[in-house]
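Trainee: need coordinates for the following:
(2 chains)
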Amino acid sequence: EDQVTQSPEALRLQEGESSSLNCSYTVSGLRGLFWYRQDPGKGPEFLFTLYSAGEEKEKERLKATLTKKESFLHITAPKPEDSATYLCAVQIQGAQKLVFGQGTRLTINP
Amino acid sequence: DTGVSQDPRHKITKRGQNVTFRCDPISEHNRLYWYRQTLGQGPEFLTYFQNEAQLEKSRLLSDRFSAERPKGSFSTLEIQRTEQGDSAMYLCASSLPNQPQHFGDGTRLSIL
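Mentor: Predicted structure coming up:
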């Protein structure tokens, strides 16, 4: 069965304190891995797509990387406005649906 | 740039009642998806449309759930005879082929 596991479930950082979020996946055939950001009461907002091991994508203070078994979302010198739940999802070859992890709730204290 | 629009944003209903939600995708997006999200969990896939054709359905989509996308534009999701376990956020997303899915802000359903 295709599975996505994110860790940690929750993370508190001080402003400027860099860290990484993990997304481990077990799938029959990976078509793509997606990162989304979700604010309370809102829908997920697309951040990145990664397709193959070794690929990296960057956007402002965020960088996503991919290996054959996991993806990392690195956050450098975070600010309070980076506080949100970060969701990882995989798309399986031959299917359109996304399979999501449970998310990591990130809080950045000023 | 208009995003995915969902209506209503909140719905409160009594157990056993029928409810219907509407989703308007980003214009020109021919792919439309429905997901369900409960508190503290990631979204779970319900169903997928390409134009007006419903091509993929989850086992989560019981006989009480039905989705339509007439004319390949907006979509509706109906839940008949609602149960307590149906309380959740119902999310709609749309995309172009081989492009990321973009989500609306959802309809939050509460069953009394």
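Trainee: up against chain B, what does chain A have?
Mentor: Contact residues (Cβ under 8 Å from any Cβ of the partner chain) of chain A with chain B: A:4, A:34, A:36, A:41-46, A:49, A:87, A:89, A:95-103. In short, each C-beta sits where N, CA and C put it, glycine included.
Trainee: just read off the phi/psi values of the closest residue to residue A:106 other than its chain neighbours.
Mentor: Nearest residue to residue A:106, sequence neighbours excluded (Cβ to Cβ, 6 or more residues apart in numbering or on different chains): residue A:11, at 5.2 Å. Main-chain torsions, residue A:11, degrees, to the nearest 10: phi -150, psi 130.
Trainee: what does the pLDDT read for residue A:11?
Mentor: Confidence at residue A:11, expressed as pLDDT, is 98.
Trainee: please tell me how far it sits from residue A:39.
Mentor: Distance of residue A:11 to residue A:39, given as Cβ to Cβ, to the nearest Å: 16 Å.
Trainee: these two: which is more packed in?
Mentor: residue A:11 (16 against 13; other Cβ atoms under 10 Å in any protein chain shown).
Trainee: just checking, that one touches residue A:17?
Mentor: No. Using Cβ atoms under 8 Å, residue A:11 is not in contact with residue A:17, being 10.1 Å away.
Trainee: quick revisit: in PyMOL, select just the buried ones from the residues of chain A next to chain B.
Mentor: Here is the PyMOL command that picks out the buried ones among those, judged by 16 or more other Cβ atoms under 10 Å in any protein chain shown:
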select buried, chain A and resi 4+34+36+43+44+46+49+87+89+95+96+97+98+99+100+101+102+103
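Trainee: which ones among the residues of chain A next to chain B are found in helices?
Mentor: Among these, no residue falls in helices (DSSP state H).
Trainee: which ones among the residues of chain A next to chain B are found in strands?
Mentor: Using DSSP state E, the subset of those located in strands is A:4, A:34, A:36, A:45-46, A:49, A:87, A:89, A:98-100.
Trainee: need the contact list for the residue in chain A that chain B sits nearest to.
Mentor: Chain A approaches chain B most closely through residue A:100 (3.0 Å), counting by Cβ to the nearest Cβ. Taking Cβ atoms under 8 Å, 6 or more residues apart in numbering or on different chains as the contact definition, residue A:100 lies against A:4, A:87-89, B:42-44.
Trainee: could you check the pLDDT of it?
Mentor: The model's pLDDT for residue A:100 equals 98.
Trainee: for residue B:35, see how far away the nearest residue to it once chain neighbours are set aside is.
Mentor: Counting by Cβ to Cβ, 6+ apart, residue B:42 is the residue found nearest to residue A:100 once chain neighbours are left out, at 3.0 Å. Using Cβ to Cβ, residue B:42 is found at 9 Å from residue B:35.
Trainee: for residue A:47, which non-adjacent residue is spatially closest?
Mentor: Spatial nearest neighbour of residue A:47, chain neighbours left out: residue A:35 (4.4 Å); criterion: Cβ to Cβ, 6+ apart.
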